[in-house]
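Colleague: following is a predicted model, sequence given first.
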Amino acid sequence: MTLALITMSHSPLLEYNDPPADVKAAVQKAFAQARAFVKDYDPTLVVSFAPDHYNGFFYDLMPPFCIGYEAFGVGDYGTTEGPLSVPTDRAEELAEWVADRDLDVAISRRMEIDHGAVQPLEILFGAIDAVPTIPVFINGVAKPFTRMRRVRLLGEAIGSYLATLDERVLVIGSGGLSHDPPVPQWVTATDQQRALLLNGRHPTAAARDAR
């Protein structure tokens with residue numbers, strides 16, 4: 001087993017903003033360096049840790065963690081819509097391994113992921129199905145939040161599983177210095193906003209553009 005790590009931010013404004021030329025050049029240079037590293041490493045398996053922004057997970061059922069046995073990009077903010085190449089057998093083994101270490105983790109056979117998980121795959125590989133990928137959702141938006149100690153324990157459990165594999169594993173952490181996007185909060189949300197937070201799946205193109 002060999003293991004590599006890339007952590008990188010994601011942004012819904014990546015393709016919708018026009019920063020100064022020097023800023024754009026610096027970002028593209030960093031992306032190019034990351035792509036070169038990944039190409040040289042040539043991973044055989046990716047494990048992606050990412051949050052969601054009320055595009056795949058909602059308050060009708062909001063787990064603190066979830067491992068995807070299958071996964072689909074929702075296509076928000078111009079990102080790719082469609083299936084990832086998830087190695088289901090590996091994902092099932094991983095979930096069992098984590099459960100055996102006294103960590104409660106949800107699973108999904110139809111995980112829907114948004115730009116938070118999709119953008120790094122697009123940037124690093126050019127496609128979301130280029131390399132077998134196990135997505136791991138970490139709730140970073142919807143209260144109540146899991147303590148960092150539990151998140152670390154989850155990472156340690158997953159890492160101990162990955163250490164048993166005869167694979168070149170790339171772990172991707174997608175987030176930023178902070179993850180507090182300006183989404184509505186349940187306590188102060190309007191009825192319309194609460195409907196979105198509760199079950200806003202599969203909006204029309206017009207509704208997505210309006211949001």
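Modeller: Yes, it's here.
Colleague: thought residue 168 was touching residue 46?
Modeller: No. Residue 168 is beyond contact range of residue 46, at 9.9 Å (criterion: CB atoms under 8 Å). Quick note: C-beta positions are derived from backbone N, CA and C, even for glycine.
Colleague: mind telling me what element residue 5 is part of?
Modeller: Taking DSSP states H and E as the definition, residue 5 sits inside strand 2-9.
Colleague: list the buried ones in the lengthiest helix in the chain?
Modeller: Identified as the longest helix of the chain according to DSSP state H is helix 21-41. Buried residues in helix 21-41, counted by 16 or more other CB atoms under 10 Å: 34, 38.
Colleague: all strands of this protein, in order?
Modeller: Taking DSSP state E to define them, one finds strands in the chain at 2-9, 45-50, 65-68, 71-74, 81-83, 106-108, 111-113, 133-138, 168-175.
Colleague: mean neighbour count, those: which tops it?
Modeller: strand 133-138 (a mean of 26; mean count of other CB atoms under 10 Å).
Colleague: contacts for that one?
Modeller: 45-52, 56-57, 63-68, 71, 84-87, 90-91, 94, 108, 111, 113, 117, 121, 151, 154, 158 (CB atoms under 8 Å, 6 or more residues apart in numbering).
Colleague: just the C-alphas of that strand, formatted as CSV.
Modeller: Output of strand 133-138 as CSV, limited to C-alpha atoms (Å, rounded to 0.1, in the frame of the first residue of the first chain):
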residue,chain,number,x,y,z
THR,A,133,-13.5,6.6,-6.1
ILE,A,134,-15.1,6.0,-2.7
PRO,A,135,-16.9,9.2,-1.5
VAL,A,136,-17.1,9.9,2.2
PHE,A,137,-19.6,12.6,3.2
ILE,A,138,-18.8,14.7,6.3
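Colleague: I'm done for today, thanks for sticking with me.
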